[in-house]
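> Prediction below, plus the sequence it came from.
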Amino acid sequence: MASGLRGLSSVQFSAIKARLYDGRFLSVPQWNIQPGECWAITGTNGSGKTVLSMLTADQVVLSHGEAMNLPARVAFVSLEAQARQIELERKEDESDITDEPDKGTLIRDYLAPLAKVQHLIDFLQVGHLLDSGFRALSTGESRKVLLIRALQDQPDLLVLDEPLEGLDQLSRERVLQLLTEQQAAGQAMLWVANRLDEIPSWITHLAFMHDAELLCQGHKDDVLARPEVQGLMHFNRPLGDFPAAPNADTLPADQPLVRMVNTRIRYDERVLFSDLNWEIKPGCHWAIQGPNGCGKTSLLQLITGDNPQCYSNELYLFGMRRGRGESIWDIKKHIGIVSSALQWEYRASTNVLTTVISGLYDSIGLYRSSGDDDKQLALRWLELIGLRHKANQSLQHLSYGEQRLVLIARALIKQPPLLILDEPCQGLDDPSRHLVLAFIARLAEQQKITLLYVTHHADEIPAAIQQRLFFRMQDGASRIEISRQ
């Protein structure tokens with residue numbers, strides 16, 4: 001028997017109306033969570049799933065309706081919680097006027113007292129991170145740390161908003177095993193899901209959201225069988241033609257886009273990887289795979305210029321040797337990128353249309369006037385991803401998944417020679433994920449743009465991506481294997 005809200009009274013919501021940032025109203029006619037039930041919330045991107053989960057913590061200002069018997073202590077594990085912690089770390093760093101490098105909050109301090117959670121640290125294999133700062137962690141590493149912190153607080157209700165997102169396969173298995181054990185032991189949980197295939201078997205009930213409305217609810221199988229739910233979660237859109245880039249880059253076809261010679265990444269005494277010799281030739285796409293924290297992001301940052309060790313290595317980008325007088329803009333103009341780091345960095349007060357246009361100028365925000373041609377091009381990309389109707393809304397008021405779609409359009413608008421896709425499907429619902437994968441497959445087949453595709457889901461790699469770069473962890477360091485099919 002699923003434990004659900006064991007020990008808590010029935011949580012009840014009635015005739016709920018709440019105004020959202022984008023002007024819509026959250027509508028929840030009736031929703032009751034009974035002891036013994038295990039609930040998940042799912043629905044389309046931007047539908048209000050996260051807001052619905054926040055009702056349980058009394059974090060939504062109601063304009064109408066009533067919420068009764070709310071749990072006293074609610075903890076959240078989510079992509080948004082990660083972003084808030086990273087933002088807090090950066091603000092503290094900006095307030096530090098010393099020249100000493102600051103790691104920020106160490107994980108051993110963040111999780112103190114360690115004795116209380118040592119079994120969780122061991123089970124999720126994060127002990128080697130205790131002397132690292134939170135903002136230095138990979139997406140998957142920080143997710144596991146947030147989960148440990150949330151369980152440490154022994155909340156009445158644990159809200160898990162896409163808890164498996166960004167985790168490698170082994171970490172997903174361990175996190176799911178841990179949550180299954182916690183659920184069986186009586187920990188009340190509310191699961192928020194974009195991917196239907198990741199909803200645990202012990203979930204008994206489902207609430208389905210669409211366009212800020214609780215569309216339907218009930219037993220999981222009954223809800224998933226409803227025609228309106230199947231229609232909304234099924235991808236059946238034709239993929240439109242990509243707009244032409246305004247000023248497509250032309251680089252020599254016989255010259256590698258990237259060449260690394262005996263490349264090494266080292267942090268303090270830890271060598272992340274070394275002796276990497278790697279070439280990326282035009283039209284030869286690469287999938288990059290490996291466990292959380294193995295060095296995938298650091299490798300990409302060498303290419304984008306966001307890791308200062310690009311100057312201490314023999315590295316050639318687009319025919320230029322790094323550190324020989326080229327500017328960062330000489331490099332970035334040839335690159336498009338989608339990543340969690342960019343999404344967290346994109347704090348500029350800007351609307352959706354301006355965000356997409358900024359991809360033409362490689363800036364965070366837009367600091368120059370844009371012409372009608374730029375605006376029309378950006379609108380065409382927003383049409384392709386299904387968000388043209390939100391062109392004038394603030395980027396920060398979109399859901400995490402919608403923001404990810406906007407940043408994909410931003411990366412594609414100039415159709416750069418090299419496109420870096422670091423977990424591009426993170427936070428996307430099933431239809432949006434299939435749309436993005438269709439984009440990637442088309443780009444790979446056309447070979448006009450060279451792709452570096454980082455993913456933890458091997459089944460999502462298009463057949464046209466033939467080269468693989470694998471990170472294998474061995475004695476705390478990464479061993480890199482290159483495979484060409």
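Ah, there it is. Numbers count the residues shown, from 1 in each chain.
> What residues does the closest residue to Met260 other than its chain neighbours make contact with?
Counting by C-beta to C-beta, 6 or more residues apart in numbering, Met260 lies nearest to Trp278, which is 4.7 Å off, once chain neighbours are set aside. (Each C-beta comes from the backbone N, C-alpha and C, glycine too.) Neighbouring residues of Trp278 by C-beta atoms under 8 Å, 6 or more residues apart in numbering: Val258, Arg259, Met260, Thr263, Leu469, Ile482.
> Which SSE is immediately downstream of the host helix or strand of the fourth one?
What it means is Thr263. Thr263 belongs to strand 258-267 when assigned by DSSP states H and E. The element immediately downstream of strand 258-267 (helix or strand, assigned by DSSP H and E) is strand 270-280.
> Kindly export that next one (C-alpha atoms) in CSV.
Extracted in CSV, the C-alpha atoms of strand 270-280 (Å, rounded to 0.1, in the frame of the first residue of the first chain):
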residue,chain,number,x,y,z
ARG,A,270,42.7,17.1,-8.8
VAL,A,271,43.4,16.3,-12.5
LEU,A,272,40.0,16.0,-14.1
PHE,A,273,41.4,14.6,-17.4
SER,A,274,44.6,14.8,-19.3
ASP,A,275,46.3,13.9,-22.6
LEU,A,276,43.2,14.6,-24.7
ASN,A,277,43.9,14.8,-28.4
TRP,A,278,40.7,15.6,-30.3
GLU,A,279,39.6,17.2,-33.5
ILE,A,280,36.1,18.3,-34.5
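> For it, which strands pair with it and how are they oriented?
strand 258-267 (antiparallel) (DSSP bridges).
> list the buried ones in the partner strand?
Val258, Arg259, Met260, Thr263, Ile265 (16 or more other C-beta atoms under 10 Å).
> Considering the residues you listed, which is situated nearest to Ala185?
Ala185 lies nearest to Ile265 out of the buried residues of strand 258-267, by C-beta to C-beta, at 40.6 Å.
> Looking at strand pairing, list the partners for that closest one.
Ile265 forms beta bridges with Phe273, as assigned by DSSP bridges.
> need the contact list for it.
Counted by C-beta under 8 Å, 6+ apart, Ile265 has contacts Val271, Leu272, Phe273, Ser274, Gly295, Ser298, Leu299, Leu302, Asn307, Gln309.
> So what does Leu469 have for phi and psi?
Per-residue torsions, Leu469: phi -120, psi 110 (degrees, to the nearest 10).
> Touching, it and Ile482? I think so.
Yes - applying C-beta atoms under 8 Å, one finds Leu469 in contact with Ile482, separated by 5.6 Å.
> Show me where the stretch 301-450 of the chain has its helices.
Counting by DSSP state H, counting those that start in this stretch, the stretch 301-450 of the chain has helices at residues 328-332, 340-345, 352-358, 372-385, 400-412, 430-446.
> With respect to those helices, which exhibits the lowest mean confidence?
Of all these, the segment with the smallest mean pLDDT is helix 340-345, scoring a mean of 82.
> how about it: buried residues?
Here helix 340-345 shows Ser340, Ala341, Leu342, Gln343, Trp344 as buried, counting by 16+ other C-beta under 10 Å.
> now stretch 454-473
For stretch 454-473, the neighbour count (16+ other C-beta under 10 Å) marks Val454, Thr455, His456, Glu460, Ile461, Pro462, Ile465, Gln467, Arg468, Leu469, Phe471 as buried.
> Now pLDDT too, for the residues you listed, in CSV please.
Formatted as CSV, these follow (pLDDT from 0 to 100):
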residue, pLDDT
Val454, 94
Thr455, 92
His456, 91
Glu460, 90
Ile461, 91
Pro462, 89
Ile465, 92
Gln467, 94
Arg468, 94
Leu469, 94
Phe471, 90
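> I'd like to know which of the helices of the stretch 301-450 of the chain lies nearest to Ala15.
Nearest to Ala15 among the helices of the stretch 301-450 of the chain is helix 400-412 (27.3 Å), distances taken as C-beta to C-beta.
> Please compute how far that closest one lies from its chain's middle.
Here helix 400-412 is found 11 Å from its chain centre; the criterion is C-alpha atoms, centre = their mean, to the nearest Å.
> Touching that helix from outside, list them.
So helix 400-412 is contacted by 45-46, 50, 79-80, 194, 242, 336-338, 342-343, 346, 352, 355-356, 358-359, 378, 381-382, 384-387, 390, 395, 398, 419, 421, 424-429, 432, 436, 439 (C-beta under 8 Å, 6+ apart).
> And the buried ones among these, selectable in ChimeraX?
In ChimeraX, this line selects whichever of the contacts of helix 400-412 come out buried by 16+ other C-beta under 10 Å:
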select :45,46,50,79,194,242,336,337,338,342,343,346,352,355,356,358,359,378,381,382,384,385,386,387,390,395,398,419,421,424,425,426,427,428,429,432,436,439
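> And for stretch 238-256, what's in contact with it?
For stretch 238-256, the surrounding residues in contact (C-beta under 8 Å, 6+ apart) are 257, 279-282, 316, 318-319, 333-334, 360, 373-374, 377, 380-381, 383-384, 412-417, 435, 438-439, 442.
> Dump the buried residues of stretch 454-473 into JSON lines; add distance to Met68 as well.
As requested, these are exported to JSON lines (distance: C-beta to C-beta, whole Å):
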{"residue": "Val454", "distance to Met68": "45"}
{"residue": "Thr455", "distance to Met68": "43"}
{"residue": "His456", "distance to Met68": "40"}
{"residue": "Glu460", "distance to Met68": "42"}
{"residue": "Ile461", "distance to Met68": "48"}
{"residue": "Pro462", "distance to Met68": "49"}
{"residue": "Ile465", "distance to Met68": "52"}
{"residue": "Gln467", "distance to Met68": "57"}
{"residue": "Arg468", "distance to Met68": "54"}
{"residue": "Leu469", "distance to Met68": "54"}
{"residue": "Phe471", "distance to Met68": "50"}
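> you'd agree Glu37 is up against Leu206?
No - using C-beta under 8 Å, Glu37 makes no contact with Leu206, being 10.5 Å away.
> between these two, who's got more neighbours?
Leu206 (25 against 18; other C-beta atoms under 10 Å).
> hang on, the more buried one in a strand?
Yes - counting by DSSP: H, G, I helix; E, B strand; the rest coil, Leu206 is found in a strand.
> That one and Arg226, how far apart?
Per C-beta to C-beta, to the nearest Å, Leu206 is found 10 Å from Arg226.
> before we move on, what about Ile413?
Ile413 is 37 Å from Arg226, by C-beta to C-beta.
> more neighbours, those two?
Ile413 (24 against 15).
> contacting residues for the residue nearest to the more buried one when sequence neighbours are not counted?
Excluding the flanking residues, the one nearest Ile413 by C-beta to C-beta, 6+ apart is Gly359, at 4.4 Å. Applying C-beta under 8 Å, 6+ apart to Gly359 gives the contacts Gly336, Ala409, Arg410, Ala411, Leu412, Ile413, Lys414.
> Tabulate these (TSV), appending distance to Trp329.
Compiled in TSV, the contacts of Gly359 are given as follows (distance: C-beta to C-beta, whole Å):
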residue	distance to Trp329
Gly336	14
Ala409	21
Arg410	17
Ala411	16
Leu412	19
Ile413	17
Lys414	13
